[in-house]
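S.K.: for reference, the sequence and a predicted model appear below.
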Amino acid sequence: MNPVSNTAYYSCGVRMDDAKRDRSVCNDIYAHKFMDARGLEIYQPFRSETMPNLSNIARCRIIDERVSAELHKSPSTTVITIGAGFDTRPYRLRGCRWIELDEPQVIEYKQQRLSESECENPLTRIAIDLASEALLEKLSRVEPTSPVVIVIGGVFMNLDPAALAQTLQQVQRRFPRHALLCDLMTRRFFDKFAQSVHGKLVAAGGQFSDRPENPAEIFLQHNYRLTESVPMLRRANEPGLLWDELRVPSIIFSLVLNVFKRDLQGYAVHRFDFG
């Protein structure tokens, strides 16, 4: 079995450092469990990527808040995370049924470090070889109860348009009604702000598809409705992250955000509804 992808440690390391803050944004007290010696070594070069790391934390917070809102509306919600990585929401949020899908080596490593039996919520982990196994076959193990929330974080940047379309089609076939939460980055944002961290991710073994100018368009073409879009950096400004890390007053960043609105809105968590 292949080792866990080097890039899987990046987001986990960011959340681990965030949990040590006096004003933690995500309070992921479980992230450190996955950061072994290899993980810490891989993560070290990323610690200097202040703005990408803040965006990463904001992404986690935004998705936490949206999932929590769904759980509040309906405790019977099923949350399915595709490409779960070292996500720990089933342990941090209370309620509903959780399904995690990822590569076999990731699932095995997670089981060793933080097992399903330690989760207070019903949690099922499903291993899938994304290169050779059909997502639909794995999703068939999940009863299509309602409501269903699909979470796909940090994954679509790895998929070319054909693979993304296939993923959306398989999800839709299994769940005719669902909400989908994901992060999308425009080409404009990538070219202006993400080159440094992208280079480090590639050096760590990451593989990424070309960035489309408007990545939300393919979802709309597949009959999704865009119901919300929350830019990472706007959300990072709200809990005082920019002041804590950069000593940038909130009012100053709000002015910058307004001036460069189009650019800084290019990386956001989107909610799409289907059915």
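M.R.: Noted; the coordinates are in hand.
S.K.: and the strands in the stretch 151-275 of the chain?
M.R.: According to DSSP state E, counting those that start in this stretch, the stretch 151-275 of the chain carries its strands in the segments 178-185, 225-231, 267-274.
S.K.: what angle do the last one and strand 225-231 make?
M.R.: If you take axes from the mean of the first three to the mean of the last three C-alpha atoms, to 10 degrees, strand 267-274 sits at 160 degrees to strand 225-231.
S.K.: winner for burial among the strands of the stretch 151-275 of the chain?
M.R.: Mean neighbour counts were taken over these using mean count of other C-beta atoms under 10 Å, and the top value, a mean of 22, falls to strand 178-185. C-betas here are computed from N, CA, C, even on glycine.
S.K.: report the angle between the axes of that strand and strand 267-274?
M.R.: 160 degrees.
S.K.: output strand 178-185 as CSV, nothing but the C-alphas.
M.R.: Below are the C-alpha coordinates for strand 178-185, written out as CSV (Å, rounded to 0.1, in the frame of the first residue of the first chain):
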residue,chain,number,x,y,z
HIS,A,178,-28.5,17.1,-1.8
ALA,A,179,-26.4,20.2,-0.8
LEU,A,180,-22.8,20.3,-1.8
LEU,A,181,-20.1,22.3,0.0
CYS,A,182,-16.8,22.8,-1.7
ASP,A,183,-13.9,25.3,-2.1
LEU,A,184,-13.2,26.7,-5.6
MET,A,185,-10.4,28.9,-6.8
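S.K.: other SSEs contacting that strand?
M.R.: helix 50-73, strand 148-152, strand 267-274 (3 or more C-beta pairs under 8 Å, 6 or more residues apart in numbering; DSSP states H and E).
S.K.: least confident of the ones you listed, on average?
M.R.: Across the helices and strands packed on strand 178-185, helix 50-73 has the smallest mean pLDDT, namely a mean of 92.
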